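S.K.: Got a predicted model here, sequence first, then my questions.
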Amino acid sequence: MRPTVLRLGPVLMLVALLQICGGHWLALQSLAWTEMLVAYSHDAQLAEAVAKTFDGQHPCALCQTIEQGKKSERHAPAEVAKVKPVFVLPVSSTLVRDAEIPWEQALPQPDGELLFEQPAVPPPRRATV
């Protein structure tokens with residue numbers, strides 16, 4: 001496959017994630033703020049234009065449309081299935097075992113010897129070929 005086709009999957013996943021999380025409102029609001037900043041900077045200093053853009057007192061038509069769209073967006077509450085839990089308690093339990101197998105099991109004993117040697121200082125390095 002071509003590399004551009006392989007990159008399409010993660011890009012589409014990111015777009016879907018942004019759509020689910022409301023990223024489209026953030027993109028539109030960023031566009032509105034940019035337009036407001038440009039428009040306000042024509043008539044005033046940059047600091048005053050930034051303050052006027054983000055104070056919330058001077059919303060543009062796009063900002064008002066975005067706010068209405070956010071309010072009208074319906075978030076249906078997730079339906080939770082009501083399931084009555086079923087508890088099954090055993091009336092009696094019986095342990096069945098072969099009489100020839102003893103309850104006590106012998107622990108395996110390690111074979112071999114334990115070595116207590118200090119590592120070489122400095123540790124050996126791989127030979128470069």
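M.R.: Alright, I've got the coordinates.
S.K.: got the end-to-end distance for stretch 40-48?
M.R.: Separation of the first and last residues of stretch 40-48 by C-alpha to C-alpha, to the nearest Å is 8 Å.
S.K.: pLDDT on that stretch, on average?
M.R.: On average, the pLDDT along stretch 40-48 is 90.
S.K.: Just the buried positions in it, please.
M.R.: The neighbour-count check on stretch 40-48 (16 or more other C-beta atoms under 10 Å) flags Tyr40, Ser41 as buried. (Glycine included, C-beta is placed from N, CA and C.)
S.K.: mind checking how far that stretch is from the chain centre?
M.R.: Its chain's average C-alpha position is 40 Å from that of stretch 40-48, according to C-alpha atoms, centre = their mean, to the nearest Å.
S.K.: Ok, stretch 20-40 next?
M.R.: Its chain's C-alpha centre and that of stretch 20-40 lie 24 Å apart, by C-alpha atoms, centre = their mean.
S.K.: repeat for stretch 59-70
M.R.: With C-alpha atoms, centre = their mean, you get 29 Å for stretch 59-70.
S.K.: Report the secondary structure state of Pro102.
M.R.: Classification of Pro102 using DSSP: H, G, I helix; E, B strand; the rest coil returns coil.
S.K.: what's around it, how many residues?
M.R.: Pro102: 9 surrounding residues under other C-beta atoms under 10 Å.
S.K.: Tell me the pLDDT of it.
M.R.: With respect to pLDDT, Pro102 scores 73.
S.K.: Ile20 too?
M.R.: Ile20 carries a pLDDT value of 84.
S.K.: just Arg74 next, same as before
M.R.: 69.
S.K.: and if you look at Met36?
M.R.: Reported pLDDT at Met36 in the predicted model: 92.
S.K.: counting contacts, what elements does the strand or helix carrying it pack onto?
M.R.: Assessed by DSSP states H and E, Met36 sits inside helix 23-43. Where contact means 3 or more C-beta pairs under 8 Å, 6 or more residues apart in numbering; DSSP states H and E, helix 23-43 is packed against helix 3-21, helix 46-54, helix 61-72.
S.K.: Please identify the deepest-packed of these.
M.R.: Most buried of these by mean neighbour count (mean count of other C-beta atoms under 10 Å) is helix 46-54; its value is a mean of 14.
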